[in-house]
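Engineer: Need a 3D model of the sequence below.
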Amino acid sequence: MAAQATMRRDDASSLLRDPGLPGREAPVTAGISGAAMGLGALLAAVADRHPARIALVDQASKPAWCGRPAIAWTFAAAREIVARLAEGLQQLRLPPKSPVGLCMAGMAEAHLAFLAIEQAGHVPCLLPVTWDEDRLLQAVEAAQVLAVLTQGVLGSERPAETLCRVAMRYFPLRFIAAFGPHVPDGVISLDQVVLDHRGDAAALGTGPAAGLVTFALPGSGPARLAGPPSEPEGAPLAMRREAEALTAAAASCLVPLRVEPGERILSLLPPSDLKGLATGLTAALLAGATLECHPVFDAGALSAALDQPVPTHLIAPAWMEAGFARTTVPGRLRTLAYLHRAPCRLSGRLPGRAGVVDIVAFDETALLCGRRDAQDVGLVLAAPERAGAERTGLIQLRRDPDGRLSFRGPACEVRMLRRGITVDENSDGWMPSRFRASLFAGVATALTEV
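Structural biologist: Model prediction:
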């Protein structure tokens, strides 16, 4: 699979197969082998062609909530830091493809750490930094995590200390590493790892990516998959997807988002699950765009960021639509994308608004995206046959006889992990969800649980 750095309304599946499009900037991913198509390969490809282009930008108010400086990283600088972190991780001598947890807020260091875990040959496991100790322990056990990268401070919380307590309760968790300040005793300082190691930046992305693990909350797993009786009630479900599936999910979002190289994706979503990672880091690297995350909502910082003279695509939770509608924010954006998490109501949307994109997340299974002025998700959910070719090459949707929505395609290939062992119970290729669409006048007005 090759991926196109520039995506508009073209057939996304053909973009992934054939990167050559006349009249456009040459794709940054040309020449990368399919076995190496992890996110590190995308970062390296952009860094080779546009080393001075900005890759990652921190929220301006970052020092107030984590004690670390806000930095703008170029693609070249990001590649160098990822290589150093990866070299430090390799010194831990973990077995190849070991599950390594990542428990951080959506700052630049979190994205660099994700890429470093992949480059070191391991499997990133995205642990939401807002989870409490008991839920983190359940997730670590479900994925059999051997090491965790985290941070010392997040507001009044101390994630590194929390993970130390998790390690005391789960002995296979051998290493905790954290960005400072306030790195506890016995925890590896990732800031010191960056200073002490000189990784091979030229080798970034040259090895096969091992995929990733995200977690579905209790009661939110795929319809056919349920935790075994031995699992604690309410334990998170570990969901494993390959690197190609993550790339395909991001590509299906880029079609309606229409992000161009050098533009900016400004995300208000945490990068700790499929929706945050696919619409954030993965989409930005595929498009050769800048990613700016705001993990802590700060109206002043967001307003200042939106005033920057950069073509911007804002990714925001759907509940913010009413507030944004009363401001000048939509007029300052190239695209405004609202993330809906099923079950949800869709009837409150303003149909036909140009530049507005809806992204519907079906747990950790699938993302369905569409512009309101074309390929609206309400129309596609009501009649899947309305989906255009640019969507069906990556994700297909069907309504089963009982109304349940099922998905198939490269963008939604996911399997459950049970104690580190993958389980695939979908022999027909369709992944059923736990949702059905409520219809009115040929349009989906809500998504409800079956």
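Engineer: Which stretches in the stretch 51-200 of the chain count as strands?
Structural biologist: 54-57, 72-74, 99-103, 123-126, 147-151, 175-179, 188-189 (DSSP state E, counting those that start in this stretch).
Engineer: Tell me which of these lies nearest to Phe407.
Structural biologist: With Cβ to Cβ as the measure, strand 123-126 is the member of the strands of the stretch 51-200 of the chain nearest Phe407 (20.4 Å). Where C-beta positions appear, they are placed from N, C-alpha and C, glycine not excepted.
Engineer: Just the element for the residue most central in space within the chain, please.
Structural biologist: In the chain, the residue lying closest to the centroid (Cα atoms, centre = their mean) is Leu277, at 0.7 Å. Here Leu277 sits within helix 274-277, counting by DSSP states H and E.
Engineer: Restricting to C-alpha, output that helix in PDB.
Structural biologist: Presented in PDB, the C-alpha positions along helix 274-277 are these (Å, rounded to 0.1, in the frame of the first residue of the first chain):
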ATOM      1  CA  LEU A 274      -8.900   5.500  17.000                       C
ATOM      2  CA  LYS A 275     -10.800   8.800  16.400                       C
ATOM      3  CA  GLY A 276      -8.100  11.000  18.000                       C
ATOM      4  CA  LEU A 277      -5.200   9.200  16.400                       C
END
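Engineer: what sits up against it?
Structural biologist: The contact list for helix 274-277 (Cβ atoms under 8 Å, 6 or more residues apart in numbering) reads 106, 114, 126, 212, 214, 241, 246, 249, 267, 269-271, 339, 341, 359, 361, 364, 367.
Engineer: Quick check, Pro432 in contact with Arg399.
Structural biologist: No - using Cβ atoms under 8 Å as the test, Pro432 is too far from Arg399 to be in contact (11.0 Å).
Engineer: coming back round to it: with distance to Gly262, mean neighbour count and mean pLDDT added, can I get the strands of the stretch 51-200 of the chain in a markdown table?
Structural biologist: A markdown table is the format used below for the strands of the stretch 51-200 of the chain (distance: least, Cβ to Cβ, whole Å; neighbours: other Cβ atoms under 10 Å; pLDDT from 0 to 100):
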| stretch | distance to Gly262 | mean neighbour count | mean pLDDT |
| --- | --- | --- | --- |
| strand 54-57 | 9 | 23 | 98 |
| strand 72-74 | 12 | 18 | 97 |
| strand 99-103 | 27 | 27 | 98 |
| strand 123-126 | 27 | 25 | 98 |
| strand 147-151 | 29 | 28 | 98 |
| strand 175-179 | 28 | 24 | 98 |
| strand 188-189 | 34 | 18 | 98 |
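Engineer: Could I get the full set of helices for the stretch 1-150 of the chain?
Structural biologist: For the stretch 1-150 of the chain, the helices defined by DSSP state H, counting those that start in this stretch occupy 12-17, 39-49, 62-66, 75-90, 108-119, 133-143.
Engineer: Pick the most buried one from these.
Structural biologist: Comparing the helices of the stretch 1-150 of the chain on average neighbours per residue, with mean count of other Cβ atoms under 10 Å, the densest one is helix 108-119 at a mean of 28.
Engineer: Okay, angle between that helix and strand 175-179 too, please.
Structural biologist: In terms of direction (axes from the mean of the first three to the mean of the last three Cα atoms, to 10 degrees), helix 108-119 departs from strand 175-179 by 140 degrees.
Engineer: list the helices and strands helix 108-119 packs on?
Structural biologist: Under the contact definition 3 or more Cβ pairs under 8 Å, 6 or more residues apart in numbering; DSSP states H and E, helix 108-119 sits against helix 39-49, strand 54-57, helix 75-90, strand 99-103, strand 123-126, strand 147-151, strand 290-293.
Engineer: Flag the shaky bits of the stretch 351-450 of the chain, pLDDT-wise.
Structural biologist: 351-352, 388-392, 419-427 (pLDDT under 70).
Engineer: Mind doing that once more with 90?
Structural biologist: For the stretch 351-450 of the chain, residues meeting the criterion pLDDT under 90 lie at 351-355, 373-375, 383-393, 399-403, 416-432, 441-442, 450.
Engineer: Looking at Pro432 and Arg399, which has the bigger crowd around it?
Structural biologist: A count of neighbours by other Cβ atoms under 10 Å puts Pro432 above the other of Pro432 and Arg399, at 20 against 16.
Engineer: What strand or helix carries that one?
Structural biologist: Using DSSP H and E, Pro432 sits within strand 431-440.
Engineer: What lies in contact with stretch 338-355?
Structural biologist: Contacts for stretch 338-355 (Cβ under 8 Å, 6+ apart): 269, 275, 279, 315-318, 320-322, 325, 330, 333-336, 356-363, 371-373, 376-378, 381, 433, 435, 440, 444-449.
Engineer: which strands and helices sit next to the following helix or strand past the helix holding Leu277?
Structural biologist: On the C-terminal side of helix 274-277, the closest following helix or strand by DSSP H and E is helix 283-287. When contacts are defined as 3+ Cβ pairs under 8 Å, 6+ apart, helix 283-287 packs onto helix 39-49, helix 243-257, strand 264-267.
Engineer: 10 Å - rerun?
Structural biologist: helix 39-49, strand 54-57, helix 108-119, helix 243-257, strand 264-267, strand 290-293, strand 312-317 (3 or more Cβ pairs under 10 Å, 6 or more residues apart in numbering; DSSP states H and E).
Engineer: Save these as CSV, and put in distance to Gln151 too.
Structural biologist: Compiled in CSV, the helices and strands packed on helix 283-287 are given as follows (distance: least, Cβ to Cβ, whole Å):
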stretch, distance to Gln151
helix 39-49, 20
strand 54-57, 15
helix 108-119, 7
helix 243-257, 23
strand 264-267, 18
strand 290-293, 14
strand 312-317, 22
